[in-house]
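In: Need a 3D model of the sequence below.
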Amino acid sequence: MTFATLKEVLDTAKAGKYGVGAFNINNMEIAKAIGNAAKEEKSPVILAVSPSAIKYAGIEYIYEIARVTAVKSKVPTVLHLDHGTEFKDCVQCIRHGWSSVMYDGSKLPFQENIAMTKKIVEFAHAAGVSVEAELGKLAGVEGHVSVSEKDAIFTNPEEAKIFVEQTGVDALAVAIGTSHGAFKFKGEANLDFERLQKIEKLVGIPIVLHGASGVPKEVLEKAAKYGAKLPGAAGVPNDAIQKAISLGVAKINIDTDIRLTMTAAIRQVLTEHPEEFDPRKIFGPAEEAMKEVAKGKMRLFGSSGKA
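Out: Modelled structure (predicted):
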């Protein structure tokens, strides 16, 4: 198999007390940037592909881009389905060579999420493919929420224990206060580390943190300088990420930071060189910028030098 499984990579990371970045890829430039970053940092890496990315690029194209990236990078590389919400999403990817799938049944009632996740685990494990699942609701979590709101949307530690025991998943994505996109918080980040610690002690498998982009100030300022309008964008601070890793998080999902970096670099080229129409000169600087951001994340997560 060209790709490593998520279980192989995350079990090693959990034992070594470091995290591995899962970077969403949508096209060749993003994949090359992530793969070259992993190669230079000697870091294991997870190439995450969402159903919408598959629809955009085509499953055969995105698979081949990921395969070549894995071969060229020469590091343990996982090809991972990100947020598959249907059984067919997972089956399609498994049959096309993915080494890991994430089934997101977090919007389903607890028992329905267990039943569907268990079904996918049985199918995937029979094919030698790892499974990540999610418990708790991530989207729309912003700012400081009340205790009652937390109980409604954050992952319940006792439920997490039952969920893992009954499904046999290899990794669990939890909701402790992060959210997807560039607008994660109103005010300062306030992650529930006490809840994370309880979950980790009860489940015994690698924990996943979604919505973990930092949305760095310098990238926002560069994007704004060249015309982007992203008022109020904010992400998860580096110290919070490192604390989460120390409490058992082994997989950290990054998408927004890569998108923002790419956008800022492209805007700069088009603004400073309005005569330019060569896509290589437009996307080339963006690819290099994304690579440097990814390398920084690998160092932050502690995965550099672990391949």
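In: alpha carbons only for contacts and neighbour counts from here, please
Out: Noted.
In: Now for Pro279, how many residues are close by?
Out: Around Pro279 there are 9 other residues, counting by other C-alpha atoms under 10 Å.
In: Okay, and Gly21 sits in which element?
Out: Using DSSP states H and E, Gly21 falls within strand 20-24.
In: Just the buried positions in the very next helix or strand once past that strand, please.
Out: Downstream of strand 20-24, the first helix or strand assigned by DSSP H and E is helix 28-41. Applying a neighbour-count criterion of 16 or more other C-alpha atoms under 10 Å, one finds 28-39, 41 buried in helix 28-41.
In: the inter-axis angle of the helix or strand following helix 28-41 versus strand 20-24?
Out: Next along the chain after helix 28-41, taking DSSP H and E as the criterion, comes strand 45-49. Per axes from the mean of the first three to the mean of the last three C-alpha atoms, to 10 degrees, the angle that strand 45-49 makes with strand 20-24 is 30 degrees.
In: From the centre of the protein outward, give me the first residue you hit.
Out: Per C-alpha atoms, centre = their mean, the C-alpha nearest to the average position across the chain is that of Asn253, at 2.1 Å.
In: Packing partners of the lengthiest strand in the chain?
Out: The longest strand of the chain (DSSP state E) is strand 77-84. Strand 77-84 sits against helix 6-16, strand 45-49, helix 51-57, helix 87-95, strand 100-103, with contacts defined as 3 or more C-alpha pairs under 8 Å, 6 or more residues apart in numbering; DSSP states H and E.
In: Tell me which of these sits nearest to Met116.
Out: helix 87-95 (7.8 Å; C-alpha to C-alpha).
In: Could you check how far the closest one is from the centre of its chain?
Out: Centroid separation for helix 87-95 versus its chain: 19 Å, with C-alpha atoms, centre = their mean, to the nearest Å.
In: From here on, call the first residue 54.
Out: OK, 54 is where the count begins now, so the last one is helix 140-148.
In: Dump it to PDB, keeping only the CA atoms.
Out: The C-alpha trace of helix 140-148 is given here as PDB (Å, rounded to 0.1, in the frame of the first residue of the first chain):
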ATOM      1  CA  PHE A 140     -21.900   5.400   4.200                       C
ATOM      2  CA  LYS A 141     -21.400   5.700   0.500                       C
ATOM      3  CA  ASP A 142     -18.800   8.500   0.900                       C
ATOM      4  CA  CYS A 143     -16.700   6.100   3.000                       C
ATOM      5  CA  VAL A 144     -17.200   3.100   0.700                       C
ATOM      6  CA  GLN A 145     -16.300   5.100  -2.400                       C
ATOM      7  CA  CYS A 146     -13.000   6.200  -0.800                       C
ATOM      8  CA  ILE A 147     -12.100   2.800   0.500                       C
ATOM      9  CA  ARG A 148     -12.700   1.300  -2.900                       C
END
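In: List the buried residues in that helix.
Out: By 16+ other C-alpha under 10 Å, the buried positions in helix 140-148 come out as 142-144, 146-147.
In: nearest to Val174, of those?
Out: When the buried residues of helix 140-148 are compared against Val174 (criterion: C-alpha to C-alpha), the nearest one is Cys143, at 9.9 Å.
In: so where do the strands sit in the chain?
Out: 73-77, 98-102, 130-137, 153-156, 183-188, 224-227, 260-262, 302-307.
In: which outside residues touch the longest one?
Out: What that stands for is strand 130-137. 56-59, 62, 97-104, 119, 123, 143, 146, 151-157 (C-alpha atoms under 8 Å, 6 or more residues apart in numbering).
In: pLDDT of stretch 254-271, averaged?
Out: For stretch 254-271, the mean pLDDT works out to 90.
In: Tell me the gap between it and the middle of its chain.
Out: On C-alpha atoms, centre = their mean, the centre of stretch 254-271 falls 8 Å from the chain's centre.
In: What are the buried residues along that stretch?
Out: The neighbour-count check on stretch 254-271 (16+ other C-alpha under 10 Å) flags 256-269 as buried.
In: give me the low-pLDDT residue ranges for the stretch 154-303 of the chain?
Out: 190-205, 232-242, 284-287 (pLDDT under 70).
In: which residues in it form helices?
Out: Assigned by DSSP state H, counting those that start in this stretch, the helices in the stretch 154-303 of the chain fall at 163-179, 200-206, 210-220, 246-256, 270-278, 291-299.
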